[in-house]
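K.L.:
sharing a model prediction with you, sequence too.
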Amino acid sequence: MELNKIKCESCHHVNPSGTQLCQSCGKMINKDYDKKKIKDLMRYDGSAIRSKTRSKSIFDKIWIFFTSIKVGVSIILIITIASSIGTILPQEYFIPVGADPQQYYTENYGTIGRIFIELGFHNLYSSWWFILLMGMLALSLIAASIDRGIPLFKSLKNQRAKKHSSFYRRQRLNLHQENTENSKNVIDGLKSKGYKVKKDQNHYLLEKGKLSRWGPYINHTGLIILLFGSMLRFFPGMYVDELIHILEGETVQLPVEEGQYYIKNNQFIVDIYDEEDGSVLADALQSTNETVVSNYQTDFTFYENQNMDVIGATPDLQKIDDYSVRVNHPYRFDQYEIYQASYDNSQMKSMTFQLENSNDEVVGKPFTIELENPKKTYDIGDGIEISMRAYAPDFLEIDENGTLISQTPIATNPAFVFEVSNGESNELSLIQIMNSTNITEDNEYNVKFVENENHWATVLTLKKDLTMPFIATGFVIFLIGLFIGSYINHRRIWINTEDGFSISAHTNKNYFGLKKDIDPILEENGYSSILDRDDLEKNEDVNTGEEK
């Protein structure tokens, strides 16, 4: 549906629907408009904004929704609140490696932790609704920029020097005097201050700092690019941030394309600050009696799989490099980086037991069970043999058939059923950490836990970030827009010498600075200082005792 156009009664110029000031002469053509909102009018020189003129179709209503400043601010407020809630407890990425999120949050934070994880705040920044909010914010910025940017572009491009006399009177800074002799000198003086001049007969437009009007839109562009870069992190191949848990001596496949790369943990090293080195830090450590780690380091071998293109083939690993990765000293390959993140020694490697009789006397010699590949029988001497009848690396419960149920295959909470045989009788015992239960009655022997040895495992972080150039570019553009919008002023001065000397001026900010540009030149050429309508209104209020 074609919108009604508006014809100016003064200059007969035909303006688009919704226009407030004639695009040709600057006369106000909407008599119902609040004349006190002159600053709002001059923002787009009275040009029509689409969201203010169309509201019939569904598309128009969607457009109005996303161009609304209130909607944009509301989305930012929701994102801010959600992000704040997400910082109350650590995100899942920062909880201990291998921990069950539901159990970890419930055990450590109680009801708050359970609610936190049920609402999805433990993976806030990758949740679908948070990504949706980011997308809505980007759409709001794009729609608002187009809705207001196009009228701004048109108004700045089509500015005319010739303006109606009512336009001069409406401006905050204005002056009219009969003398026109030195008008050319005034124009030349303003040109010397960097103003560009546009002339139409006896009408002049002097302008500088037009770039200032584009500051907010440059901000929007930077934010849109930044949001786009952030959302790209959820596209496959653009962003990788994975933890890799590797035991000493273990070789694992890196989570990269098609199993191309492998890494072997040759050795994990933890260095502790020495209190005897005589440094200032050593003195501080002695006073606190705390152990402080000076270095985490993983010595590894990096391999490439030569059979990656052969489906089902055994990996053919070719050594590429040996490297020692330390904190803040990553290993780089292709577009990836491997960082030293942490370590883990919670997984048991072996457990040592000894047998005692009913008088708590040690019988035979201690025996050690290698938990990754335990033996079935152990001869401890004195004619006694111990057999391992059942084993659960991470004990959960005993089922109704008497079988030990393991929660995971990792040895973090081992449980055993031992059979002790001395050639005459057999006894069964259930052994757990810090607990021993006789299965047969009146056992003569007890299997006692002595000590354990834990695995040292390194925790590495594999990173790939192809979104950072977008995020960095968006941030730089945002700062540029912020600088332009904050420190550059768009100043326009209109001069008319047809019927005396008329001058008016407008700026998007800092009228004081604009007045300082104009007054010295006017006074040098015999004119009065330009009048500030706001100052006059304030003085009138003071004289009449009224409040605005």
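P.N.:
In hand now; what should we look at?

K.L.:
and the contacts of the helix or strand hosting D519?
P.N.:
Assigned by DSSP states H and E, D519 belongs to helix 511-524. For helix 511-524, the external contacting residues (CB atoms under 8 Å, 6 or more residues apart in numbering) are 172-173, 175, 185-186, 189-190, 193, 489, 491, 493, 503, 505, 507, 528-530, 532, 534. In this view, the C-beta of every residue, glycine as well, is placed from N, C-alpha and C.

K.L.:
can you check stretch 396-412 too?
P.N.:
Outside stretch 396-412, the residues that reach it (CB under 8 Å, 6+ apart) are 98, 346-349, 371-372, 390-395, 413, 415, 417, 430.

K.L.:
what comes up buried for stretch 409-419?
P.N.:
Neighbour-count burial for stretch 409-419 flags 410-411, 413-419 (criterion: 16 or more other CB atoms under 10 Å).

K.L.:
just the buried ones from the contacts of stretch 396-412?
P.N.:
For those, buried by 16+ other CB under 10 Å: 347-349, 371, 391-395, 413, 415, 417, 430.

K.L.:
and for the closest residue in space to Y323 that isn't next to it in sequence, the neighbour number?
P.N.:
Leaving aside its sequence neighbours, Y323 sits nearest to Y331 (CB to CB, 6 or more residues apart in numbering; 4.8 Å). Applying other CB atoms under 10 Å, we find 20 residues neighbouring Y331.

K.L.:
next: R533.
P.N.:
So R533, with other CB under 10 Å, has 15 neighbours.

K.L.:
would you confirm that it contacts R169?
P.N.:
No. Using CB atoms under 8 Å, R533 makes no contact with R169, being 9.0 Å away.

K.L.:
and the longest helix for this structure?
P.N.:
Assignment by DSSP state H gives helix 128-157 as the longest helix of the chain.

K.L.:
list the buried ones in whichever helix or strand comes after that helix?
P.N.:
Next helix or strand after helix 128-157 toward the C-terminus (DSSP H and E): helix 165-170. By neighbour count on 16+ other CB under 10 Å, the buried set for helix 165-170 is 165, 167-168, 170.

K.L.:
likewise for stretch 231-238?
P.N.:
Buried residues in stretch 231-238 (16+ other CB under 10 Å): 231-233.

K.L.:
what about it, how long is it end to end?
P.N.:
10 Å (CA to CA, to the nearest Å).

K.L.:
model confidence over it, on average?
P.N.:
The pLDDT scores in stretch 231-238 average 86.

K.L.:
how about stretch 503-514: buried residues?
P.N.:
Applying 16+ other CB under 10 Å to stretch 503-514 flags 503-508, 511, 514 as buried.

K.L.:
now distance to N202 too, for the buried residues of stretch 231-238, in CSV please.
P.N.:
Formatted as CSV, the buried residues of stretch 231-238 follow (distance: CB to CB, whole Å):
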residue, distance to N202
M231, 55
L232, 56
R233, 60
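
K.L.:
from those residues, which land in helices?
P.N.:
Counting by DSSP H, the buried residues of stretch 231-238 contribute 231-232 to helices.

K.L.:
quick one: mean pLDDT over stretch 483-497.
P.N.:
For stretch 483-497, mean pLDDT rounds to 93.

K.L.:
circling back: would you mind listing which of the contacts of helix 511-524 are buried?
P.N.:
Looks like those have 172-173, 175, 186, 189-190, 489, 491, 493, 503, 505, 507, 530, 532 buried, using 16+ other CB under 10 Å.

K.L.:
in the stretch 101-250 of the chain, where is pLDDT below threshold?
P.N.:
Counting by pLDDT under 70, the stretch 101-250 of the chain contains no low-confidence range.

K.L.:
at 90 instead, please
P.N.:
Counting by pLDDT under 90, the stretch 101-250 of the chain contains low-confidence ranges at 101-111, 113-131, 147-160, 162-172, 178-181, 201, 230-243, 245, 247-249.

K.L.:
against N452, how distant is L430?
P.N.:
According to CB to CB, to the nearest Å, L430 and N452 sit 18 Å apart.

K.L.:
which residues are in contact with the residue nearest the centre of the chain?
P.N.:
Nearest to the geometric centre of the chain sits S230, at 6.8 Å (CA atoms, centre = their mean). Neighbour list for S230: 134, 467, 471 [criterion: CB under 8 Å, 6+ apart].

K.L.:
closest one to G259 out of the residues you listed, please.
P.N.:
Closest approach to G259 among those (CB to CB): T467, at 24.3 Å.

K.L.:
what's the burial count for the closest one?
P.N.:
What T467 shows, counting by other CB under 10 Å, is a neighbour count of 19.

K.L.:
residue contacts, it?
P.N.:
T467 touches 229-230, 232-233, 238-239, counting by CB under 8 Å, 6+ apart.

K.L.:
now for those residues, which pair is the farthest apart?
P.N.:
Between any two of the contacts of T467 (CB to CB), the greatest distance is 10.7 Å, for S230 and M238.

K.L.:
phi and psi next, for V362.
P.N.:
phi -70, psi 130 (degrees, to the nearest 10).

K.L.:
what residues are bridge-paired with it?
P.N.:
E356 (DSSP bridges).

K.L.:
measure it to M351 for me?
P.N.:
Distance, V362 to M351, using CB to CB: 17 Å.

K.L.:
please apply the same query to I488.
P.N.:
Taking CB to CB, one finds I488 at 73 Å from M351.

K.L.:
compare those two and say which is more crowded by neighbours.
P.N.:
Neighbours were counted for I488 and for M351 using other CB under 10 Å; M351 has more, 21 against 18.

K.L.:
in the stretch 351-500 of the chain, which ranges drop under the pLDDT threshold?
P.N.:
In the stretch 351-500 of the chain (pLDDT under 90), the answer is 357-361, 363, 371-373, 381-383, 393-404, 407-413, 422-426, 429-457, 498-499.

K.L.:
all helices of it, in order?
P.N.:
468-487 (DSSP state H, counting those that start in this stretch).

K.L.:
for the residue lying closest to I79 once chain neighbours are set aside, list the residues it contacts.
P.N.:
Nearest residue to I79, sequence neighbours excluded (CB to CB, 6+ apart): L133, at 5.3 Å. Applying CB under 8 Å, 6+ apart to L133 gives the contacts 75, 78-79, 82.
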